[in-house]
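[1] Let me see the structure of the following:
(2 chains)
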Amino acid sequence: MIVESGHFALALALALALAQSIIPFVGARLNDVALMRVARPSALAQFLLVAFSYSALTYAHIVSDFSLVNVIENSHSMKPFIYKISGVWGNHEGSMLLWVLVLSFCGALVALFSATMSDKLRADALSVQGLISAAFLLFILLTSNPFTRVSPAPWEGRDLNPILQDPGLAIHPPLLYLGYVGFSIVFSFAAAALISGRIDAAWARVVRPWTLLAWIALTLGIAMGSYWAYYTLGWGGFWFWDPVENASLMPWLAGTALLHSAAVMEKREALKIWTLFLSILAFSLSLLGTFLVRSGVLTSVHSFASDPERGVFILAILIFFIGGALALFALRAGALPVGGLFAPISREGALVINNLLLSVICATVVIGTLYPLALEALTGEKISVGAPFFNGVLMPIALPLALLMPIGQMLPWKRGDLSAALSRLRVAFLIGIAALAVFLASYGAPYLSVITASIALYLIVGGLSDLFQRVTVRNDGARATLTRLSHVPLSALGASIAHAGVGLTLLGLAATGWGVESVIAMAPLKAYEVGPYQLMIEEITPRQGPNYSEIYAQMTVQKQGVTLGRIEPAKRFYQTRKMARSEAGILTIGLGQVYVAIGESHPDGTLDARLYYKPLVTLIWVGALIMALGGACSLADRRLRIGVARRSIALRGGEAPT
Amino acid sequence: MIWIFFALLSGAAVMAILTPLARSNVARDEKTADLAFFENQISEINHDLTQGRLLPEEAETARAEAARRLLRQQLQPGTQVAQSRMLSLAAALLAIIFIPATAIGFYLFLGNAKLEDMPLAERLKAAPNPADLAGAVARIERHLIEHPDDGRGYEVVAPYLLRTGRGEDAIRAYAEALRLLGPTAARHAALGEARTIVAQGRVTPLAQQDFEAALNLDPNFAMATYYLGLSAMQSGSRDQAIEIFTKLIAQAPPNAPYFEAVKSQLDILRSGEPADERSQAIAQLPDQERLKVIRQMVDRLATRLSVKGNDAEGWLKLIRAYRVLSETEKAQQAIKDARKAFAGDKAALMRIDALAKDAN
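    Residues are numbered from 1 along each chain as shown, chains lettered A, B, ... in the order given. Below is the predicted model of the structure:
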């Protein structure tokens, strides 16, 4: 009863999504207010139906209802409870349903919090949103139905892929989907603006929280995914330039550019075309990612499903939405009213360069991801485009971008003074150059690490300089300074924090060049050097988990005879799926980590192990968290903002509106 | 019952669309929205000014900028938004017909309204169906998780697990039964046999220990003796194997089920070809000869299965063999027989069906 009702609710949600995409759209064209108003309740009802359907599927997973193929294939009666819940989206069908759930949830939020919008904007945006929902609901019902049943039902399921039996699964996909779907809202608003030909500061104001929310979620989702891969795949790395990883990076890059353009759009009504284009691009790249992951073009941990029929369906969705939006863009973008003007050297000008560089980086990633796939499809030749290509091509673009970031922050709107901005950054420059000298002397090679780390330090200091100078503009005591700090607009605070976060991540990335790695057969009770530490296996023991058995090594990490901690790297074997996965042993010391992954054990008592010492490695993810925190600060800024040129007195005063 | 719920759900969905159509709405057109936005902006700037976040001249510039923008917006041609009864009626009619029809159409095509929910706990509680062997085993397995010291339970499920391809679980169950119920020759030998089957017919050192333990308790336990002979044969100790098999046949009662199997092994050994070179020898035969030998082997397998049908691996092997020999009819018959032998055993049936599907 519950399961079948969930199935029916899904079909009903499709009908409602179609109505939501047709009736308000017709209303907007015929200027009929009643028809336009249909958008709101239908978006809410659609969300309730999808939520009900999703709960029904979750219920089936929790009670191990093995009459559902989806439960048979991805669950086991003995699976820990938390993985029964997260397992709902640990498979193709369920994750698509979660996708649509998040989509309809965001649609409902737009419906609820759109009192300030004109009826037309809301109607157009929600009808585009309804069309996206309908496309994916149709996709789920026809090619990926999680409610398909069998009778008689078997008595046991085939368990969830062990790699997915991890708390990471509870966090990583929902965050990514929130990111992708957030961009779908921005996309809907962009399409609405193009349809009606109206785009202004009010539009940017509506879109801003969605851009930020999507960007924050995507930042956290990517960071989480990379940390998950780091501790569970046992190869010591955190980013492989795998097409599936790139699939999430591409919308992030476009989204980062979008975030900045939308801010300009809101404050200065400039960069309209950029903003619209990036809105379309961010969601298009999200769709491209979905296509790459779901179509069976790729094989990886993420491709639950390799079914050509699904691939063709998603490709059709992709072509329809991207093609439609770009056609609309080509037709209408030229006719949009001109926005605010600005001099080349100004905050806006710096952000145009930012958009250009980020777009180039994004295009590079797209090419690096698609080229091998296209080549294989055309000629059958398999080539691998990995770290050497991406690092080699992206670093020369990313590092100048990092150099420009604090300068852009220092430039005022409309017209700026480059030398004044540079002189405000002299501390950051000095620290960067000092760092370069120190790193060169202490580490020497690799030079890329030395240069990157110095730029990273400059970026952190430079990112915070603006904030520091605003607050300490006059030397009038701690109380006045604090008052000024509390008056700094949250969005400016957010920008400083997020830029510093980028610097931290960059520093963590640079430090990977100074890491130590060794692959050896370890004998018990014997100390092995890795970097400044000594590792020793005390005991190798088997252990039984709820649905797996494992062999784990108890190891101590010592420095000059002092034990700093213990780690238990393990190799797990999952009986039902007959699959093994490794569980890395990680000890965080300061900002660095000692990382051990174990492999086969030998008859002579030795154990194959990969030992790593990774200085500053945690900064990669700490930086991402701080970037997200900066985003959250900016999101919390509810002010209606307007950007004006600072006069030179105000510049010295430092208290400019942002 | 379920259809009443579906009807209610559809009704609620349609109502969501009808509400704004039935009401008279006051439009919020673009100019109103822009004006409201502008007013908010101005009050925001004034607020910032009183808070000291803006200098007076900056506030003035900001206000001027906001006013310029408003003016630009207001100059754009606006449209009159109204509400038409006819359009509302048309939309309402469309919603009333189209929404339930689409939902029910899709559901009838995809759904299974007659299937109830089947939570595992309830299925386990329900009265067992005597024909459903898989269900019975699932119940016992669940019972064993709560009562891990019930040796009888392990002993009952073990052969079933072995047959359905869950070899490792079967070994564990046999070992538990042995540990909990105490050693007997039969239990030791059954554990050894399970280990041998999981190792694809190779008598592993662990299995060898099991068979030796069985013989310690009962020196006349024929099955253990047979496997020790097989072990000797596999390790190349031909004379020892001949000795063991000869003794086994000598002691066997005349109608012993294993009599034929042991005898044929013995014949092969006595013919002087070392066992592991046998397949090589067959491969070197001329085509006709080789086919004949292979057919003989297949026939032997078929005969064995017709007597002792509960060997899933054997059946799969037989079906594959018939297929290789292009004996489609015999293959089909074997699939039928195998399905009969494993009626009620889901896992084995699935494997057989999977193989059967490969044929088409």
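
[2] what's around the residue in the stretch 151-300 of chain B that chain A sits nearest to, how many residues?
    With Cβ to the nearest Cβ, the shortest gap between the stretch 151-300 of chain B and chain A falls at B:E168, namely 6.6 Å. C-beta here means a position set from N, CA and C on the backbone, and glycine is covered the same way. B:E168 has 13 neighbours, counted by other Cβ atoms under 10 Å in any protein chain shown.

[3] Spell out which helix or strand contains it, please.
    According to DSSP states H and E, B:E168 maps onto helix B:167-181.

[4] Who are the packing partners of the one helix or strand B:E243 maps to?
    Element membership of B:E243 [criterion: DSSP H and E] is helix B:238-251. Applying 3 or more Cβ pairs under 8 Å, 6 or more residues apart in numbering or on different chains; DSSP states H and E, one finds that helix B:238-251 makes contact with helix B:222-234, helix B:259-270.

[5] buried stuff in the shortest one?
    Neighbour-count burial for helix B:259-270 flags B:V262, B:Q265, B:L266, B:L269 (criterion: 16 or more other Cβ atoms under 10 Å in any protein chain shown).

[6] again, but for the first one
    Applying a neighbour-count criterion of 16+ other Cβ under 10 Å, one finds B:A222, B:M223, B:A224, B:T225, B:Y226, B:Y227, B:L228, B:G229, B:L230, B:S231, B:A232, B:M233 buried in helix B:222-234.

[7] what about A:Y447, neighbour count?
    Residues within reach of A:Y447, counting by other Cβ under 10 Å, total 12.

[8] got JSON lines for the buried residues of helix B:222-234, with pLDDT and distance to chain A too?
    Putting these into JSON lines (pLDDT from 0 to 100; distance: Cβ to the nearest Cβ, whole Å) gives the following:
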{"residue": "B:A222", "pLDDT": "85", "distance to chain A": "33"}
{"residue": "B:M223", "pLDDT": "86", "distance to chain A": "28"}
{"residue": "B:A224", "pLDDT": "88", "distance to chain A": "28"}
{"residue": "B:T225", "pLDDT": "88", "distance to chain A": "31"}
{"residue": "B:Y226", "pLDDT": "87", "distance to chain A": "30"}
{"residue": "B:Y227", "pLDDT": "89", "distance to chain A": "26"}
{"residue": "B:L228", "pLDDT": "88", "distance to chain A": "26"}
{"residue": "B:G229", "pLDDT": "87", "distance to chain A": "29"}
{"residue": "B:L230", "pLDDT": "85", "distance to chain A": "26"}
{"residue": "B:S231", "pLDDT": "87", "distance to chain A": "22"}
{"residue": "B:A232", "pLDDT": "86", "distance to chain A": "25"}
{"residue": "B:M233", "pLDDT": "82", "distance to chain A": "27"}
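
[9] Map the structural domains onto the sequence of the chain.
    All of this is about chain A. A:1-159, A:166-334+A:343-385, A:387-513+A:618-653, A:516-614 (automatic domain parsing).

[10] my question was about chain B
    Domain ranges of chain B: B:2-110, B:285-360, per automatic domain parsing.

[11] Pull the most distant pair out of the buried residues of helix B:259-270.
    B:V262 and B:L269 (10.4 Å; Cβ to Cβ).

[12] any residues in contact with both of those two?
    B:F245 (Cβ atoms under 8 Å, 6 or more residues apart in numbering or on different chains).

[13] give the contact list for B:G153.
    B:G153 makes contacts with B:I140, B:H143, B:L144, B:H147, as judged by Cβ under 8 Å, 6+ apart.

[14] Could you pick out the residues of the stretch 251-400 of chain A near chain B for me?
    Within the stretch 251-400 of chain A, the positions adjacent to chain B are A:E269, A:P337 by Cβ under 8 Å from any Cβ of the partner chain.

[15] Tally up the residues packed near the closest residue to chain B within the stretch 251-400 of chain A, please.
    Proximity to chain B, evaluated over the stretch 251-400 of chain A using Cβ to the nearest Cβ, is greatest for A:E269 at 6.3 Å. Counted with other Cβ under 10 Å, the neighbours of A:E269 add up to 24.

[16] residues contacting the nearest residue to it once chain neighbours are set aside?
    Once flanking residues are discounted, A:E269 sits nearest to A:G339: 4.2 Å by Cβ to Cβ, 6 or more residues apart in numbering or on different chains. Residues near A:G339 by Cβ under 8 Å, 6+ apart: A:M265, A:R268, A:E269, A:A270, A:L271, A:K272.

[17] right, and the fifth one touches A:A263 too?
    No. Look at A:L271 against A:A263 with Cβ atoms under 8 Å: they stay out of range, at 9.1 Å.

[18] anything in contact with each of those two?
    A:L351.

[19] re the thing from before, which residues sit in contact with the residue of the stretch 251-400 of chain A closest to chain B?
    With contact set as Cβ under 8 Å, 6+ apart, A:E269 has these partners: A:D200, A:A201, A:A204, A:G339, A:G340, B:R69.

[20] Most neighbours among those residues, which one?
    Neighbour counts for these (other Cβ under 10 Å) peak at A:A201, which has 27 neighbours.

[21] ok, now which ones touch the most centrally placed residue in chain A?
    Geometric centre of chain A, nearest residue: A:L218, 2.2 Å, by Cα atoms, centre = their mean. A:L218 sits next to A:L175, A:L176, A:L178, A:G179, A:Y180, A:G182, A:S248, A:P251, A:W252, A:G255 when contact means Cβ under 8 Å, 6+ apart.

[22] do B:A214 as well
    B:A214 makes contact with B:A185, B:A186, B:H188, B:A189, B:G192, B:F221, B:M223, B:A224, according to Cβ under 8 Å, 6+ apart.

[23] give me phi/psi at the fifth one?
    Translated: B:G192. When quoted as degrees, to the nearest 10, the phi and psi of B:G192 stand at phi -60, psi -40.

[24] what's the burial count for it?
    For B:G192, the neighbour count with other Cβ under 10 Å is 28.

[25] Surely it and B:A207 touch.
    Yes. In this structure B:G192 lies within contact range of B:A207 using Cβ under 8 Å: 4.3 Å.

[26] Next, show the common contact partners of the two.
    Common neighbours of B:G192 and B:A207, using Cβ under 8 Å, 6+ apart, are B:Y227.

[27] Contacts for stretch A:221-235 next, please.
    A:163, A:166, A:168, A:171-176, A:178-179, A:236-240, A:245, A:248-249, A:252, A:581-584, A:586, A:597, A:610, A:620-621, A:624-625, A:628.

[28] Those residues in strands, which ones?
    Counting by DSSP state E, the part of these found in strands is A:R581, A:S582, A:E583, A:I586, A:A597, A:R610.

[29] Beyond the lowest-mean-pLDDT helix or strand in chain B, next helix or strand please.
    In chain B, the helix or strand scored least confidently by mean pLDDT, DSSP states H and E is helix B:278-284, which has a mean of 57. Using DSSP H and E, the helix or strand that directly follows helix B:278-284 along the chain is helix B:287-307.

[30] Pull the distance from that next one to the chain's centre.
    How far helix B:287-307 lies from its chain's middle: 33 Å, per Cα atoms, centre = their mean, to the nearest Å.

[31] Can you check what angle separates that helix from helix B:259-270?
    Angle, helix B:287-307 to helix B:259-270, by axes from the mean of the first three to the mean of the last three Cα atoms, to 10 degrees: 150 degrees.

[32] Give me the contact list for the helix or strand following helix B:287-307.
    Using DSSP H and E, the helix or strand that follows helix B:287-307 in sequence is helix B:312-324. The contact list for helix B:312-324, computed with Cβ under 8 Å, 6+ apart, reads B:163-165, B:197, B:294, B:298, B:301-302, B:304-305, B:309, B:328, B:330-331, B:334-335, B:337-338, B:341-342, B:348, B:351-352, B:355-356, B:359.
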